[in-house]
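> got a structure for you, letters missing:
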């Protein structure tokens, strides 16, 4: 059995390393919600649902990656690092008071709460805890 969140994060990490403009992956509601949080927090340029070209019964997610312009020739990925916290074999849950800043506020944590998937900052503001999915910086 493949961990779909781990697969998603690895695809994003590998696409950034290869300097791809976008990455396509199989659709799931949780992956789409995580991608929307990344777009809202300005780590990616866009996310959209697209039909699978081979089989029209299935949908894919297309994520447009974001790069920061350092100089006229050098582009740096907006996501420097991704770390999955909660895994299939060991889920990690946090209370609202245990949600910490990532990299002194330069990164975000993605948390699945009872009100949906959101950033750690937003969950802290709403007073919600939940499953700590991953951290990005």
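The structure has been received and is ready for your questions. Note that the structure is predicted; figures quoted are calculated from it, not measured.
> Strands of the protein, start to end?
With DSSP state E, the ranges of strands along the chain come out as 22-26, 44-51, 59-65, 67-69, 75-77, 82-84, 93-94, 108-113, 116-119, 130-136.
> got the angle between the helix ranked longest in the chain and strand 44-51?
Longest helix of the chain, by residue count under DSSP state H: helix 4-17. Counting by axes from the mean of the first three to the mean of the last three C-alpha atoms, to 10 degrees, helix 4-17 lies at 120 degrees to strand 44-51.
> how far is helix 4-17 from where the chain is centred?
9 Å (C-alpha atoms, centre = their mean, to the nearest Å).
> For the most far-flung residue of the chain relative to its centre, give its distance to residue 108.
Taking C-alpha atoms, centre = their mean as the measure, the residue most remote from the mean C-alpha position of the chain is residue 72, 28.0 Å away. Distance, residue 72 to residue 108, by C-beta to C-beta, to the nearest Å: 29 Å. Backbone N, C-alpha and C define where each C-beta goes, glycine included.
> before we move on, back to that, which residues does the residue farthest from the centre of the chain contact?
Shown in contact with residue 72 (C-beta atoms under 8 Å, 6 or more residues apart in numbering): no residues.
> any idea of the pLDDT on it?
pLDDT, residue 72: 86.
> ok, now residue 1?
Residue 1 is given a pLDDT of 51.
> Residue 27 against residue 61, yeah?
Yes - using C-beta atoms under 8 Å, residue 27 is in contact with residue 61, at 5.3 Å.
> Give the residues shared as contacts by those two.
With C-beta under 8 Å, 6+ apart as the test, residue 27 and residue 61 both reach residue 49.
> How about the contacts made by residue 121?
residue 108.
> gap between it and residue 115?
Distance of residue 121 to residue 115, given as C-beta to C-beta: 14 Å.
> for residue 64, same thing?
Look at residue 64 and residue 115: by C-beta to C-beta, they are 27 Å apart.
> So for these two, which residue has more residues nearby?
Taking neighbours as other C-beta atoms under 10 Å, residue 64 and residue 115 compare with residue 64 leading, 14 against 11.
> Thank you kindly, that will do.
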